[in-house]
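> next come a sequence and a model predicted from it.
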Amino acid sequence: AQSVTQLGSHVSVSEGALVLLRCNYSSSVPPYLFWYVQYPNQGLQLLLKYTSAATLVKGINGFEAEFKKSETSFHLTKPSAHMSDAAEYFCAVSGDSGYSTLTFGKGTMLLVSP
Amino acid sequence: EAQVTQNPRYLITVTGKKLTVTCSQNMNHEYMSWYRQDPGLGLRQIYYSMNVEVTDKGDVPEGYKVSRKEKRNFPLILESPSPNQTSLYFCASSPGGSRAYGYTFGSGTRLTVV
């Protein structure tokens, strides 16, 4: 079975500071990993995904994530936070078949202060 | 525009009154799924469908029904809603056939059962 743990339900940063959102996974097969963002009153939007190619994955809006097998981690980073980055972020891991479910973490709310 | 459309966006109903939330996708995706989102619990899968006439339970199926008579539509049915089904619901779709695909999400339906 697959599972995802996101450390910290809320993360606060100042505008211009580094953003680091943590995600650790558990998977019985080589994982495919995803980060989604949810802006207020909207659905979830795919930020980036890891599908066993490059371990450093670049996504939209300047975000990137690094897959580290030894640490079972897939942390999301952005060098400089912008006010518009304030949202809830979800890490997810794919199951073990082609029609498999995505299992989501509980989410991390990113708060950005001026 | 490729999208998943849910209706209604907001719904207030009374306990026991049957309701249906519709979901439609225009991407010819095989895989469709329903999730509910609750504070502190993240997204939990209710039901999913791998193709027409093929549906299966997710993690929290109690109190819900689904059907998949056409590829594009995947309605969620609450036969006798109860207050603990007050939640934010998302429909999602995926091409299926590979773990590398992420989901495309609808904009959500906020349901309140009084």
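Looks like it arrived, so ask away. Numbers count the residues shown, from 1 in each chain, chains lettered A, B, ... in the order given.
> ranges for the strands of the chain?
Here I'm looking at chain A. Along chain A, counting by DSSP state E, strands occupy A:3-7, A:10-14, A:19-26, A:33-38, A:44-50, A:56-58, A:64-68, A:73-78, A:87-94, A:102-104, A:108-113.
> wrong one, chain B
With strands called from DSSP E, chain B shows them at B:4-7, B:10-13, B:19-25, B:31-38, B:42-51, B:54-57, B:65-66, B:76-78, B:87-94, B:104-105, B:109-113.
> please report how far the residue nearest the centre of chain A lies from chain B.
For chain A, the residue nearest the mean C-alpha position is A:W35 (3.5 Å; Cα atoms, centre = their mean). Remark: distance between A:W35 and chain B (Cβ to the nearest Cβ, to the nearest Å) = 10 Å. Where you see a C-beta, it was placed from the backbone N, CA and C, and this is true even at glycine.
> ok, that residue - contacts?
A:W35 sits next to A:21, A:23, A:46-49, A:59, A:63, A:65, A:74, A:76, A:89-92 when contact means Cβ atoms under 8 Å, 6 or more residues apart in numbering or on different chains.
> each with direction, which strands does the lowest-mean-pLDDT helix or strand in chain A pair with?
Least confident helix or strand of chain A, by mean pLDDT, DSSP states H and E, is strand A:102-104 with a mean of 89. The strands beside strand A:102-104 in its sheet (DSSP bridges) come out as strand A:87-94 (antiparallel).
> which positions within the partner strand qualify as buried?
Buried residues in strand A:87-94, counted by 16 or more other Cβ atoms under 10 Å in any protein chain shown: A:87-94.
> residues from chain A in reach of chain B?
Taking Cβ under 8 Å from any Cβ of the partner chain as the contact definition, chain A meets chain B at A:9, A:32, A:34, A:36, A:41-46, A:49, A:51, A:90, A:94-102, A:104-107.
> which intervals of chain B have sub-threshold pLDDT?
Along chain B, the parts satisfying pLDDT under 70 run over B:97.
> in it, which residue is closest to the centre?
Mean-position check on chain B, Cα atoms, centre = their mean. Result B:W34 at 2.8 Å.
> can you tell me the closest non-neighbouring residue to that one?
B:I46 (4.3 Å; Cβ to Cβ, 6 or more residues apart in numbering or on different chains).
> run a quick neighbour tally on the one you found.
Residues near B:I46, counting by other Cβ atoms under 10 Å in any protein chain shown, number 24.
> my guess is it contacts B:Q37. True?
No. Applying Cβ atoms under 8 Å, one finds B:I46 not in contact with B:Q37, separated by 10.8 Å.
> enumerate the residues of chain B near chain A.
Neighbours of chain A within chain B, by Cβ under 8 Å from any Cβ: B:4, B:30-31, B:33, B:35, B:40-45, B:48, B:50, B:58, B:90, B:92, B:96-100, B:102-108.
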